[in-house]
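Novice: give me the fold of what follows.
(3 chains, ligands or ions: 2)
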Amino acid sequence: MTKKVELAKKAELTESTQAAGATAAPALRAHSPEVSAAKARKWGAFYYAEQVLRVMKGYGWTIVMYGVGQPVAYLFAMGVGLATLVDTNSTAAFGGVSYLVFIAPALLISAAVMTAANEFTFPVMDGFKWRRVYYGPHASPLTPEQIALGQIIAVTVRLLLQSAIYFGVVALFGASPSPWGWASILVATLAGLSFGLPLMAYAASIKEDKGQFAMVMRFIVMPLFLFSGTFFPLDTLPLAVRWIGWTSPIWHGTELGRVLSYGYEEPPLLTIAHLVFLLALCVVGWILTKRQFVKRMGG
Amino acid sequence: MSAITTGRGPGSSSVTEAARNRHFGSLYSRNVRAVVARGLMATKSSNWMVMLSGFFEPVLYLISMGVGLGAIVGSVQGPGGGEISYAAYIAPALLAVSAMNGAVYDSTWNVFFKMNFAKLYQGMLYTSLGPLDVAMGEIFLALLRGLMYATGFTAVMGLMGLITTPWAILMIPAAVLIAFGFASFGMGITSYMKTFQQMDWINFVMLPMFLFSATFYPLSVYPQYIQWLIQAMPLWHGVELLRQISVGVFTPATAVHIGYYLVMIALGVLLTTGRLRKLFLK
Amino acid sequence: MAAHQSRPSSAGSPSAAGAPQYVITAENLTKRYGDVAAVDGISFSVPAGEAFGLLGPNGAGKSTTMKMIGGVSERTSGNLSIMGLDPDQNGPEVRAHLGVVPQQDNLDEELKVRDNLLVYGRYFGLPMSYLKPKADELLEFAQLTDKAKSKVDALSGGMKRRLTIARSLINEPRILLLDEPTTGLDPQARHILWDRLFRLKEQGVTLILTTHYMDEAEQLCDRLIVVDKGRIMAEGSPASLIREYSTREVLELRFGSERNATVGAELEGIGDRLETLPDRVLIYAHDGEAALEEVSARGLRPVTSLVRRSSLEDVFLRLTGRSLVD
Ligand SMILES: Nc1ncnc2c1ncn2[C@@H]1O[C@H](COP(=O)(O)OP(=O)(O)O)[C@@H](O)[C@H]1O
Ligand SMILES: [Mg+2]
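Specialist: Ligands and ions are numbered 1, 2, ... in the order given. You can find the predicted model right below:
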């Protein structure tokens, strides 16, 4: 099929070059440097995003398996198993909803943030240091900003896909009563980016691999996951650790997710604050990332 | 310019001659020490903070789930029927999980990486080391690390007031036993792995085992047949064993849990030694 | 699978008679990966103190042969004996006698340069009292003394290669296996390496060397086998191989990519033999200059012409119809 298309294209090209008066010229011609440059200026980020997505497709099967397996396992274990302990002992602690409904948005957001934490660290290190994959496209008409943006676009696609699958499983568990629940797919993606983009800027600044990412996972991602009102309302914790939640994209994302998925009641201003917090982190993260990429690739 | 002495030269050649004429087995050169020494030296010169950080994960879980969720859950029934705090209930389980995770990581991902990417073992195996020296050295290092983490975690439990009996100190060797069970098997299983995608299967098995092995809530919430399934899994025996030790309540089941791990270690060592040629000599 | 002798025979010790002492003997050595025969029934023997080469293009089976000698890859069939021992049965014991420089450096990236040598020595069960001065001596030998405390990561390709060679000498091996020791190095680094290998040879170390560079084979090897597709094509000293399979000189002519293929007929009869390659035409003759004069006399005007001595490259071309480096 595709081969036929290729051949047809080739034939067409040959005809047009012959028409242009070329004698016995080779069949294929690249478009002129001017056209390349113009196209790259306009679509460069998407070209690079395509490359990253193609690489991801290599482990696409794993992504889907995780995407489905992880929510099923967590929702069963926590939302059903652990719930038997939690719901019998205290009914009012979760604002009148079941424990399953309470943790579903938190798990969805956390999964997106953890995926972002992976996708914005190791691949970036790979790009600059390990296999230096960024330097290939850098020798083409693409700019460093476009390479960074391309990577971000690709990860965003993955986050959207993963969150959609996750939400599908949540819905099957009946854990998203509100008709607005689907919007938490977008919130999860946003939360992932708001944590991932500043991290990406940091990853792009690392010159020597000393296991920094393992430290990030253990000292930042893990605490955020465990102290962001994920498994219990944040106010259950003593003030000494409650601030962790306030600084955490997971908490802000989770609270938004709860508003959307079961109409959790909080002051509207607070809801707006969550959104602004997440967006602000994204913007700051992007600016820092862009600066780092330009600097690192000799801009 | 210096000339270097070779086997025929004068000087130190008697030392190298002696090293050559030691007694060797076909897969073993009785030199596990060298592999262990290498591991310790590598840890020392790399970022030891990374290694230390592994200890914090179960501690964070304990604080979050034990303190935060514990406030809502209240007390639960421990082994032997006594009421214990939720934190005291999950702490030994988290220790068992951490022993499993550490041992599995060290014997699978770590070995896979050093084999296929760092090419470390290729270098080692061109010396008079045999594959059995390498395997035993790596397992020993994994257990040493497990021992350190278990000691640290038990100390944290003590600080949080979760230890009520001197028996609890036995959780440390028991955690090493659990780690040994998983490490001996993990390395054998790694010998079947060829790609990163296949390595991901390991996580697919570990995550449900972590979540469902009576770690955060008692087995009784499940229907009978699921209980049986989970009781067949190694982690559940580790969780139960440590939970019993933590309160000093022992039953005939204790012997079953320990027996389970002894059998697992025996089979795992058998599997790994049987697969050594496949693992290291392609 | 061949299971035979388990203790060292007399191979390593001084001989009573003047017969050559073989430290390595391979008979019908074969290694298959699935359907692919990487090594397809090769036989050779190497006497102590010789510099023995395996010359062949990529994929010929050189590295596979080296791995079997080192006992890190089990052979499919045939016999192999190193110092009278079977490496598949007595891996650790055989390797105790060897120093190995694999095709790809596998230095311990987690350790510093000097520690690489110390730790590697420990693998042979050598004591620190021996290893510390030895490591310094070898660093000197490899011109890496000032890098002793560096990370391996920070070394250049040539330095890493030299460190790998230094490492292979830590146990004072009698047999050194070198798999493409200079591939990927710049010319200067290659010459430094060759110099070091010469010295080892002078000290009586048996060198087993693979390469796909004919100049390397000519410089370093007393004797070599030419391998292709897992089989031995020819065996002998570099000079005797050239004498047997080639002429004294070669005339290389380039006529441009279109003409090379068609000019053959017009060159008929000049020299002993003619080879047409995509980019040039080779005329094998005892006297290259005379052949060139004849070409001019026939009114042919090559774009470039070159007269040179025959090399192992020509031997390989003659034997296989292909060139060594593609
Ligand atoms: N581990 C392996 N698995 C499958 N095929 C292999 C393996 N190692 C080598 N080969 C194949 O065996 C042949 C010989 O390889 P090798 O010994 O590396 O050649 P050389 O060193 O002469 O370049 C090649 O065709 C190669 O693809
Ligand atoms: Mg090779």
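Novice: which helix runs longest in chain C?
Specialist: If you go by DSSP state H, chain C has its longest helix at helix C:187-202.
Novice: for chain B, which segments are assigned as strands?
Specialist: Along chain B, counting by DSSP state E, strands occupy B:75-77, B:83-85.
Novice: show me what the first one is in contact with.
Specialist: Translated: strand B:75-77. A:85, B:83-86, B:89, B:218 (C-beta atoms under 8 Å, 6 or more residues apart in numbering or on different chains). C-betas here are computed from N, CA, C, even on glycine.
Novice: at 7 Å instead, please
Specialist: Contacts to strand B:75-77, defined as C-beta atoms under 7 Å, 6 or more residues apart in numbering or on different chains, come from residues A:85, B:83-86, B:89.
Novice: could you do stretch A:260-279 as well?
Specialist: With C-beta under 7 Å, 6+ apart as the test, stretch A:260-279 has contacts from A:95, A:97, A:101, A:104-105, A:176-178, A:180-181, A:183-184, A:187, A:190-191, A:194, A:249, A:252-253, A:255-256, A:258-259.
Novice: what helices or strands is the helix or strand where C:Leu118 lies leaning on?
Specialist: Here C:Leu118 sits within helix C:113-123, counting by DSSP states H and E. On a contact count with 3 or more C-beta pairs under 7 Å, 6 or more residues apart in numbering or on different chains; DSSP states H and E, helix C:113-123 meets helix B:32-45, helix C:128-141, helix C:157-168.
Novice: pick the most buried one from those helices.
Specialist: Most buried of the helices and strands packed on helix C:113-123, by mean neighbour count (mean count of other C-beta atoms under 10 Å in any protein chain shown): helix C:157-168, with a mean of 22.
Novice: check contacts around the most centrally placed residue in chain B.
Specialist: What sits nearest the mean C-alpha location of chain B, by C-alpha atoms, centre = their mean, is B:Ala103, with 2.4 Å. Counting by C-beta under 7 Å, 6+ apart, B:Ala103 touches B:142, B:146, B:179, B:182-183, B:186.
Novice: ok, of the residues you listed, which come out buried?
Specialist: For those, a burial check counting by 16 or more other C-beta atoms under 10 Å in any protein chain shown picks out B:142, B:146, B:179, B:182-183, B:186.
Novice: from the residues you listed, pick the one nearest A:Phe76.
Specialist: The nearest member of those to A:Phe76, counting by C-beta to C-beta, is B:Phe182 at 23.4 Å.
Novice: ok, now which ones touch the residue nearest to C:Gly264 when sequence neighbours are not counted?
Specialist: Excluding the flanking residues, the one nearest C:Gly264 by C-beta to C-beta, 6 or more residues apart in numbering or on different chains is C:Thr276, at 5.2 Å. By C-beta under 7 Å, 6+ apart, C:Thr276 lies in contact with C:260-261, C:264.
Novice: same question, C:Pro127
Specialist: Neighbouring residues of C:Pro127 by C-beta under 7 Å, 6+ apart: B:Val15.
Novice: how far away is it from A:Gly245?
Specialist: 57 Å (C-beta to C-beta, to the nearest Å).
Novice: next one: A:Gly127
Specialist: According to C-beta to C-beta, A:Gly127 stands 32 Å off from A:Gly245.
Novice: between the two, which one's more packed in?
Specialist: Set A:Gly127 next to A:Gly245 and count neighbours by other C-beta atoms under 10 Å in any protein chain shown: A:Gly127 wins out with 25 against 22.
Novice: part of a helix, is the more buried one?
Specialist: Yes. If the criterion is DSSP: H, G, I helix; E, B strand; the rest coil, then A:Gly127 is within a helix.
Novice: how about the residues of chain C by ligand 2?
Specialist: Applying C-beta under 5 Å from the ion, we find that chain C lies next to ligand 2 at C:63, C:103.
Novice: how about the helices in chain C?
Specialist: Assigned by DSSP H, chain C shows helices spanning C:62-69, C:91-95, C:113-123, C:128-141, C:157-168, C:187-202, C:214-220, C:238-245, C:264-267, C:288-297, C:312-320.
Novice: show me what the longest one is in contact with.
Specialist: The contact list for helix C:187-202, computed with C-beta under 7 Å, 6+ apart, reads B:3, C:51, C:141, C:158, C:161-162, C:165, C:176, C:181-182, C:185, C:207, C:219-220.
Novice: and stretch B:262-280, anywhere near ligand 1?
Specialist: No. Stretch B:262-280 stays clear of ligand 1 (C-beta under 6 Å from any ligand atom), getting no nearer than 12.4 Å.
Novice: how far does that stretch sit from its chain's centre?
Specialist: Mean-position distance between stretch B:262-280 and its chain equals 15 Å (C-alpha atoms, centre = their mean, to the nearest Å).
Novice: re earlier: show me the beta-bridge partners of the residue nearest to C:Gly264.
Specialist: Beta-bridge partners for C:Thr276, by DSSP bridges, are C:Val281.
Novice: how much space between it and chain A?
Specialist: Distance of C:Thr276 to chain A, computed by C-beta to the nearest C-beta, to the nearest Å: 24 Å.
Novice: need the buried ones from the contacts of stretch A:260-279 selected in ChimeraX.
Specialist: Listed next is the ChimeraX selection for buried residues among the contacts of stretch A:260-279, using 16+ other C-beta under 10 Å:
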select /A:97,101,104,105,176,178,181,183,184,187,190,191,194,249,252,253,255,256,258,259
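Novice: how long is stretch B:25-39 end to end?
Specialist: 23 Å (C-alpha to C-alpha, to the nearest Å).
Novice: err, stretch B:63-76, not the other one
Specialist: This stretch, stretch B:63-76, spans 17 Å end to end (C-alpha to C-alpha).
Novice: one step back: which pair of the contacts of helix C:187-202 spans the longest distance?
Specialist: Greatest spatial distance in the contacts of helix C:187-202: B:Ala3 and C:Leu185, 23.2 Å, computed using C-beta to C-beta.
Novice: neighbour count for the two, which is higher?
Specialist: Shown here are B:Ala3 and C:Leu185; by other C-beta under 10 Å, C:Leu185 has more neighbours (19 against 12).
Novice: pretty sure B:Leu120 contacts C:Leu107?
Specialist: No. Using C-beta atoms under 7 Å as the test, B:Leu120 is too far from C:Leu107 to be in contact (9.1 Å).
Novice: now stretch B:29-48: average pLDDT?
Specialist: For stretch B:29-48, mean pLDDT rounds to 88.
Novice: that one: how far from the chain's middle?
Specialist: In this view, stretch B:29-48 has its centroid 17 Å away from the chain centroid, taken as C-alpha atoms, centre = their mean.
Novice: residues making contact with that stretch?
Specialist: For stretch B:29-48, using C-beta under 7 Å, 6+ apart, the contacting residues are A:210-211, B:51, B:128-130, B:133-134, B:136-138, B:140-141, C:92, C:110-112, C:115, C:119, C:122-123, C:125.
Novice: what of stretch C:206-218?
Specialist: Here stretch C:206-218 has contacts from C:23-24, C:46, C:48-58, C:62-63, C:66, C:69, C:174-182, C:197, C:200-201, C:220-221, C:224, C:238, C:311-313, C:324-325, using C-beta under 7 Å, 6+ apart.
Novice: just the buried residues of those residues.
Specialist: The neighbour count (16+ other C-beta under 10 Å) marks C:23-24, C:46, C:48-57, C:62-63, C:66, C:69, C:174-182, C:197, C:200-201, C:220-221, C:224, C:238, C:311-313, C:324 as buried among the contacts of stretch C:206-218.
Novice: if you count neighbours, what's buried in the longest helix of chain C?
Specialist: Buried residues in helix C:187-202, counted by 16+ other C-beta under 10 Å: C:189-190, C:192-194, C:196-197, C:199-201.
Novice: so what pairs up with the most centrally placed residue in chain C in the strands?
Specialist: The centroid of chain C falls nearest to C:Thr210 when counting by C-alpha atoms, centre = their mean (2.0 Å). Note on C:Thr210: beta-bridge partners by DSSP bridges are C:Leu54, C:Asp179.
Novice: could you do C:Arg309 as well?
Specialist: Under DSSP bridges, the beta-bridge partners of C:Arg309 are C:Glu249.
Novice: what about it, neighbour count?
Specialist: A count of nearby residues for C:Arg309, using other C-beta under 10 Å, gives 13.
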